[in-house]
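Peer 1: Here is a sequence together with a model predicted from it:
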Amino acid sequence: MRSSILALGLIAVAAPALAAPGASASERGNKDLKTYCSGDAVTFCSGNDPASPEMDACFKKNMDKISENCRRAITAYKASGGK
């Protein structure tokens with residue numbers, strides 16, 4: 001139950017380059033990031049606020065450990081200019 005709540009709380013997670021400048025936590029990311037990266041956020045960064053610089057740093061630090069689907073979603077998000 002706790003991990004489900006955490007996953008829902010971390011749905012808006014994104015790596016540093018994924019956040020548009022000035023974007024709030026609810027505006028961060030897109031559907032693919034939310035779908036493919038929320039599990040990685042719980043696994044590697046569960047103690048961090050999704051809108052915090054610490055969450056960004058955690059994703060960046062763990063980029064080589066996150067799932068392939070999350071990495072692909074991040075790459076596509078960056079390529080689209082954060083949309």
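Peer 2: That came through, no problem.
Peer 1: Export only the CA atoms of whatever helix or strand residue 59 lives in, formatted as CSV.
Peer 2: Using DSSP states H and E, residue 59 sits in helix 53-61. What follows is helix 53-61, C-alpha atoms only, in CSV (Å, rounded to 0.1, in the frame of the first residue of the first chain):
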residue,chain,number,x,y,z
PRO,A,53,16.5,19.3,-7.0
GLU,A,54,17.3,16.2,-5.0
MET,A,55,14.9,14.1,-7.2
ASP,A,56,16.6,15.5,-10.3
ALA,A,57,20.0,14.6,-8.9
CYS,A,58,18.9,11.2,-7.9
PHE,A,59,17.6,10.4,-11.4
LYS,A,60,20.8,11.7,-12.9
LYS,A,61,22.9,9.7,-10.5
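Peer 1: Give the rounded mean pLDDT of stretch 61-81.
Peer 2: Per-residue pLDDT over stretch 61-81 has a mean of 91.
Peer 1: ok so, going back, buried set for the helix holding residue 59?
Peer 2: 55-56, 58-59 (16 or more other CB atoms under 10 Å). C-beta: built from backbone N, CA, C; applies to glycine.
Peer 1: Also stretch 58-73?
Peer 2: Counting neighbours by 16+ other CB under 10 Å, one finds that the buried residues in stretch 58-73 are 58-59, 62, 66, 70-71, 73.
Peer 1: swap in stretch 33-43?
Peer 2: Quick answer for stretch 33-43 (16+ other CB under 10 Å): 33-34, 36-42.
Peer 1: which one of those residues sits closest to residue 77?
Peer 2: Using CB to CB, residue 33 comes nearest to residue 77 of the buried residues of stretch 33-43, at 5.8 Å.
Peer 1: about what we covered before: which of the buried residues of stretch 58-73 sits closest to residue 29?
Peer 2: residue 73 (8.7 Å).
Peer 1: how close does the closest one sit to residue 56?
Peer 2: Here the criterion is CB to CB, to the nearest Å. By it, residue 73 lies 16 Å from residue 56.
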